[in-house]
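In: Quick check, what structure comes out for this input:
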Amino acid sequence: MSSKLETLQQDLQQQLGERIRASKLEIGELTIELAAQDYLPTCQLLRDTMQFEQLIDLCAVDYLNYANAPWSGRRYAVVLHLLSVARNVRLRVRAWCDDDDLPLLPSVNGVWSAANWYEREAFDLYGVVFEGHDDLRRILTDYGFIGHPFRKDFPVSGTVEMRYDPETRRVVYQPVTIEPREIVPRVVREEGYGGLQH
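Out: Just a heads-up that it's a prediction; the model follows:
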């Protein structure tokens, strides 16, 4: 393992103490986990004291049925990838949302301005609300879209479809008209298909 990352892990433990719920150094990457209440102050400290000047990425994760198995912890997390140019190291930060029904975290847009569109994307696709964000609105789906399409319990075919109605001369929404179909290949679902024996 990289001694630079081990040194960073020790520095973070000294600076952040009990704010770090978990720290993992695997496959050449360091990840720390934070609770929702520690998320914003820790991010400010990472930028100002630990020299993580750049936010490379921010995304949400839905842990419902994680790895095709039931999940026992919190459902939603937000993951940041940070870069310290001064120290020449990267850090992954994962913060858990306290409420699965209304995932909520403070916005880090004031800490790293690059978080703006990333937070809007996480809100749009996963429904994570970033408290204090100046312009939290959908960025990828349509204005009238209902739901959050990257949640694992969102139906694959969606709930509504959009089409142009020539009579009213406008775009209208209607319930999905796609009929469910079998998507398992016949070679798997039918014994002896194509002369193959199971």
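
In: hey, let's count contacts and neighbours off CA atoms from now on
Out: Will do.

In: Identify the bridge partners of residue 78.
Out: Assessed by DSSP bridges, residue 78 has beta-bridge partners residue 60, residue 95.

In: Distance of it relative to residue 107?
Out: 11 Å (CA to CA, to the nearest Å).

In: Give me the more crowded residue out of those two.
Out: residue 78 (24 against 20; other CA atoms under 10 Å).

In: my read: the more buried one touches residue 92, true?
Out: No: Residue 78 is not in contact with residue 92 according to CA atoms under 8 Å; the separation is 10.4 Å.

In: residue closest to the middle of the protein?
Out: residue 60 (1.1 Å; CA atoms, centre = their mean).

In: residues near residue 155, how many?
Out: For residue 155, using other CA under 10 Å, the count is 11.

In: repeat for residue 110
Out: For residue 110, the count of nearby residues is 14 (other CA under 10 Å).

In: Any figure for the gap between it and residue 90?
Out: Using CA to CA, residue 110 is found at 20 Å from residue 90.

In: and what of residue 142?
Out: Distance of residue 142 to residue 90, given as CA to CA: 35 Å.

In: what does residue 59 give?
Out: Between residue 59 and residue 90 the computed distance is 16 Å (CA to CA).

In: before we move on, what about residue 35?
Out: 20 Å.

In: same thing with residue 9?
Out: Applying CA to CA to residue 9 and residue 90 gives a distance of 11 Å.
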